[in-house]
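**Q** my questions concern the predicted model and sequence given below.
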Amino acid sequence: SVTNLFGTPNSKNSTYFDLSATFDLGDGYSVVPHVGHQRVKNTLNYTDYSVALNKDIDGLVLSATLLGTNRKNFFTLPGTGSKDLGGTSLVLGIKKNF
């Protein structure tokens, strides 16, 4: 970023590096690995990762994605202060391509 990142004071020149790829496995299946690294100047650094398995059925795409970060207690649910939302999770999805 060339300015403060999302209004965070003194965070000019923050960066996010993304390495992702899509591999076609045939029969409508694909796998998408991802790793990214966020550096917010003077504030925090963390790495996020994911791997998605997708199945395309005539433009309807089903997905299962395992994702997470190396940062503990990164996000918490408001009012609880105890549920870490930065941990590893499984996300299931469905979308329609037109």
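**A** All right, it came through fine. No experiment lies behind these values; they were computed from the predicted model shown.
**Q** what's the longest strand in the chain?
**A** strand 44-57 (DSSP state E).
**Q** next one: phi and psi at Phe6?
**A** Note on Phe6: its backbone torsions stand at phi 50, psi 40 [degrees, to the nearest 10].
**Q** what residue ranges in this structure are flagged as low confidence?
**A** Applying pLDDT under 70 to the chain flags the ranges 72-86.
**Q** doesn't Val40 make contact with Tyr16?
**A** No - in this structure, Tyr16 is not within contact of Val40 by Cβ atoms under 8 Å, at 9.0 Å. Just so you know, the C-beta spots here come from the backbone N, C-alpha and C atoms, and that holds for glycine as well.
**Q** more crowded one of those two?
**A** Neighbours were tallied for Tyr16 and for Val40 using other Cβ atoms under 10 Å; the higher tally belongs to Val40 (19 against 12).
**Q** neighbours of the closest residue to Val31 other than its chain neighbours, how many?
**A** Nearest residue to Val31, sequence neighbours excluded (Cβ to Cβ, 6 or more residues apart in numbering): Phe23, at 5.1 Å. Applying other Cβ under 10 Å, we find 9 residues neighbouring Phe23.
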